[in-house]
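Novice: This is a predicted model, with the sequence first.
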Amino acid sequence: MKLVLFDIDGTLLWTDGAGRRSMEGALQEVFGSIGDSSYRYDGKTDRQIAREQMRAAGFEDAHIEPRINDVLHAYLTRLTAELERDSAAAKICTGVPSLLDALEAHERVTL
């Protein structure tokens, strides 16, 4: 059995920056800082982004970890609202539906 994983934003789906704006808003809401504005989000989990950004802002792990779920909740709330407000901004990347269909057809592949 092969497990196939994808980074979502920019690989499967293009949201025109909605993910980054939502995460920055959530970090600002929970910690009062967005961290490093030049930080690269690609290829990282939401938890990893929150941790690394808050470390960059000078927060200790002991202060970050208890608030990670608050960040994720605020992030998802903001992302949902942003995508509902501008659903045209979210686009499935070229070739993704056929790629996922082809992978799903293989018995030895799990998505």
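Specialist: Looks like it arrived, so ask away.
Novice: count of residues packed around the closest residue to Arg67 other than its chain neighbours?
Specialist: Closest residue to Arg67 apart from its sequence neighbours, by CB to CB, 6 or more residues apart in numbering: Val30 at 5.5 Å. (C-beta placed from N, C-alpha, C; glycine too.) Using other CB atoms under 10 Å, Val30 is surrounded by 20 other residues.
Novice: Surely Val30 touches Asp70?
Specialist: Yes. The pair Val30 / Asp70 is scored as a contact, 4.9 Å apart, by CB atoms under 8 Å.
Novice: shared neighbours of the two, which are they?
Specialist: Residues touching both Val30 and Asp70 by CB atoms under 8 Å, 6 or more residues apart in numbering: none at all.
Novice: Which residues does the host helix or strand of the residue nearest to Arg67 contact?
Specialist: If you go by DSSP states H and E, Val30 is part of helix 18-31. With contact meaning CB under 8 Å, 6+ apart, helix 18-31 is reached by 9, 33-35, 41, 46, 49-50, 53-54, 57, 59, 67, 70-72, 74-79, 82-83, 86, 89-90.
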